[in-house]
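[1] output the structure for:
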Amino acid sequence: MAKFKFSEKINLNMPKFEVTDEQATDKAYMAKMRKAMTKGMVKAVSYVSKDLAFALDQNIGSDVWNWPRDTQRVNGETVGSPRDIVDTGKLAASLELKESFLKTKGTIQIMYKAPYAALMHYGGAIKPYGNPNAPTVIIPGRPWVEATINGTHGLPEFDPGIAGQKGFNEGWREVFPSS
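    The predicted model follows:
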């Protein structure tokens, strides 16, 4: 089965700061300011990444996803519609968040490594268990990543604001303790 092709990024932009003319010409001050901003960005992305992982887990496990038939899960439970996506938990456990940093922003790349992740997100048609004699089964898309980022399908939009601000503030206070 193809790898998960859906990829989404969240960008955290560096906050804008105003400096006086005197501060702008002070090389030591400006170096200290850049250090504070970098520390803040690293902490902000780390905190947002943790909150994002939690939101993705909540939404993949949310019971908002429509399904056209009853299904028996691995644990023997029969589920109908709407329902969550989680059966064995392998898809949710395959989440990988990759953090990267540029001068003006931090980025969090969302990826799921389970080989069937794209099918679960986008939907599609399959022959169960690769059996060419089995009837084709339509799998509806359940775009939990898109729903988390954009606030669709009745799920709340992910807000990086509070965690991001906390990280920026902590990084700033490490360099400028009296501010």
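
[2] next structured bit after the lowest-mean-pLDDT helix or strand in the chain?
    None of the helices or strands of the chain scores lower by mean pLDDT, DSSP states H and E than strand 71-72, at a mean of 84. Following strand 71-72 in sequence order, the next helix or strand is strand 78-79 (DSSP states H and E).

[3] figure out how far that next one is from the centre of its chain.
    Centroid separation between strand 78-79 and its chain, computed with Cα atoms, centre = their mean, to the nearest Å, is 28 Å.

[4] give the other helices and strands that the next helix-or-strand element following that strand contacts.
    Downstream of strand 78-79, the first helix or strand assigned by DSSP H and E is helix 90-93. In terms of contacts (3 or more Cβ pairs under 8 Å, 6 or more residues apart in numbering; DSSP states H and E), helix 90-93 is packed against helix 27-60. (Each C-beta comes from the backbone N, C-alpha and C, glycine too.)

[5] quick one: mean pLDDT for the helix it packs on?
    Averaging pLDDT along helix 27-60 gives 95.

[6] likewise stretch 81-92?
    The model assigns stretch 81-92 a mean pLDDT of 89.

[7] identify the residue spatially nearest to E157, adjacent ones excluded.
    In space, E157 comes closest to G151 once its chain neighbours are excluded; the distance is 2.7 Å by Cβ to Cβ, 6 or more residues apart in numbering.
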